[in-house]
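**Student:** I would like the atomic coordinates for the input below:
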Amino acid sequence: MQRLYDFLRRHPTGVDTFWAVVLLGFSLLWVGTTYPVVGQPVAFGAVAVLFSLVVALRRRAPEKMLLLAVALGVAQLAFDLKPFMADFAMLVIIFTVAAHDGPRWASRLALIGGLGASTLSQLRWPMEETDSGAAQVFFTVIMTVPFALAWVLGDSLRTRRAYFAQLEERASRLEREREAQAKVAVAAERARIARELHDVVAHNVSVMVVQADGAAYVMDSSPETAKQALETISTTGRQALAEMRRLLGILRTGEHQEAGEYVPQPDVGQIEDLVEQVRGAGLTVDFAIEGSPRPLPSGVELTAYRIVQEALTNTRKHGGPDVGASVRLVYFDDGLGLLVEDDGRGAPQEMYEDGGADGRGHGLIGMRERVGMVGGTLDAGPRPGGGFRISALLPLKPAH
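**Tutor:** Here you go, the predicted structure:
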């Protein structure tokens, strides 16, 4: 049954042609038995054929078939061809035009024609059974109802189709928006993890490299110093592994629930430990806190830690020999200020623009992204007199 229904839906013109042939057959049969007068059957037969054509092509050319039906109705009035079975095609074309999402003039013409057809018919061929005007008016109204219902049903079907089409379009748009939001969320998460990995790897590995170089240099002359450097390498490596394990655990999406080895995100309180670690690697760092320390939002705490970590890593990488640095934390009423400076030679300016000359200088890009996420501002660049300066202001509440 479903196959038959699908077949009929795929061939609407074939279905309409079948009903047109049925209408034509009954119309010709009715004309042959009702109008045996010579000449009349030919005229009625021609009208019946044309009305059948209206039914057959109603969905392929609804506006043209409506005009043809109007012309046939006018011809019936002009040549005194009384209403007969083929006029049923008028109901069909009125319904079709009202249901079709076409020009509105066609729907209005179908409504006007349908409402006036019964009245014109009564004026042209008044009822012979009664002389009562009330009876004729009542009969006219009754005969008008089918035409009005045909138009109302067609217009309701058109409205319903438009409503469902709007719902489908809205659902499709929402689906596309959800996919776009999911892609944006994935990209943001990937960027966040990339920033975290960059900070962890760049800082800890650079500390390990410095300590390894120092250990190799003093291995023969000062074994005790070399031993301390190796211990620093071991501690730094474990810290890097712990942070990387935390990041990779986020990606597992609950695959191993026992991965409860996660460590807390770094915060402002650990900046002093970070500075001590950097001092242990041979970099002179002056650290000071101004204002009254207090708890900050976790996003601000992590951003502050990562900025200091990246700034000191860049100082070790680009500052040159005998470089010194200073770190200042300033607690304001509405935010946290950061100032990290060094007196080294710094890197060429292109290292701080667009990812660096070789496309690998993503440290400052990551800083700007972090600061932007908490609604803060960042100023980074060479310092007058030599060295490099990074200044950041992190508000307690994100900017709107």
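**Student:** which residue is nearest the middle of this protein?
**Tutor:** The centre of the chain sits closest to Glu177, judged by CA atoms, centre = their mean, with a distance of 1.3 Å.
**Student:** can you give me the strands for this structure?
**Tutor:** For the chain, the strands defined by DSSP state E cover 284-290, 324-331, 335-342, 377-382, 388-395.
**Student:** in the fourth one, which residues are buried?
**Tutor:** So that's strand 377-382. 378, 380 (16 or more other CB atoms under 10 Å). C-betas here are computed from N, CA, C, even on glycine.
**Student:** direction included, what does it pair against?
**Tutor:** strand 388-395 (antiparallel) (DSSP bridges).
**Student:** can you list contacts of the strand it pairs with?
**Tutor:** Contacting residues not belonging to strand 388-395 are listed as 296, 300, 303-304, 307, 311, 314-315, 318-319, 334-342, 344, 346-347, 367, 371, 374-383 [CB atoms under 8 Å, 6 or more residues apart in numbering].
**Student:** relative to the whole chain's centre, how far out is it?
**Tutor:** 35 Å (CA atoms, centre = their mean, to the nearest Å).
**Student:** between it and strand 335-342, how big is the angle?
**Tutor:** Calculated by axes from the mean of the first three to the mean of the last three CA atoms, to 10 degrees, strand 388-395 forms an angle of 170 degrees with strand 335-342.
**Student:** strand 324-331 and strand 388-395, what's the angle between them?
**Tutor:** 10 degrees.
**Student:** just the buried ones from the contacts of strand 388-395, in ChimeraX syntax?
**Tutor:** Listed next is the ChimeraX selection for buried residues among the contacts of strand 388-395, using 16+ other CB under 10 Å:
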select :296,300,303,304,307,311,314,315,318,319,335,336,337,338,339,340,341,342,344,346,347,367,371,374,375,376,378,380
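**Student:** how about low-confidence regions in the stretch 1-150 of the chain?
**Tutor:** 35-39, 128-131 (pLDDT under 70).
**Student:** quick one: the helices in it?
**Tutor:** 2-10, 12-34, 40-56, 62-78, 88-99, 104-124, 133-218 (DSSP state H, counting those that start in this stretch).
**Student:** so which of those is the most packed in?
**Tutor:** Most buried of the helices of the stretch 1-150 of the chain by mean neighbour count (mean count of other CB atoms under 10 Å) is helix 88-99; its value is a mean of 24.
**Student:** how close does the residue nearest to the centre of the chain sit to Ala98?
**Tutor:** 35 Å (CB to CB, to the nearest Å).
**Student:** what does Arg9 give?
**Tutor:** 20 Å.
**Student:** sorry, back to before: compare the strands of the chain and give me the one nearest Ser118.
**Tutor:** Shortest distance between Ser118 and the strands of the chain, using CB to CB, is found for strand 388-395: 76.6 Å.
**Student:** may I have that closest one exported as CSV, CA atoms only?
**Tutor:** Provided in CSV are the C-alpha atoms of strand 388-395 (Å, rounded to 0.1, in the frame of the first residue of the first chain):
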residue,chain,number,x,y,z
PHE,A,388,61.7,43.4,27.4
ARG,A,389,58.6,44.3,29.3
ILE,A,390,55.2,42.6,29.7
SER,A,391,52.4,44.5,31.4
ALA,A,392,48.9,43.0,32.0
LEU,A,393,45.8,44.1,33.8
LEU,A,394,43.3,41.4,34.7
PRO,A,395,39.9,42.6,35.9
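**Student:** how many neighbouring residues does the nearest residue to Asn314 once chain neighbours are set aside have?
**Tutor:** Distances taken as CB to CB, 6 or more residues apart in numbering place Gly363 nearest to Asn314, at 5.9 Å, with adjacent residues excluded. Gly363 has 25 neighbours, counted by other CB atoms under 10 Å.
**Student:** now for Gly363: which residues touch it?
**Tutor:** With CB under 8 Å, 6+ apart, Gly363 has these contacts: 198, 202, 310, 313-314.
**Student:** could you dump the helices of the stretch 1-150 of the chain to JSON lines with distance to Gln239?
**Tutor:** Listed next are the helices of the stretch 1-150 of the chain as JSON lines, based on distance: least, CB to CB, whole Å:
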{"stretch": "helix 2-10", "distance to Gln239": "66"}
{"stretch": "helix 12-34", "distance to Gln239": "73"}
{"stretch": "helix 40-56", "distance to Gln239": "83"}
{"stretch": "helix 62-78", "distance to Gln239": "77"}
{"stretch": "helix 88-99", "distance to Gln239": "73"}
{"stretch": "helix 104-124", "distance to Gln239": "74"}
{"stretch": "helix 133-218", "distance to Gln239": "6"}
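**Student:** many thanks, I have nothing further to ask.
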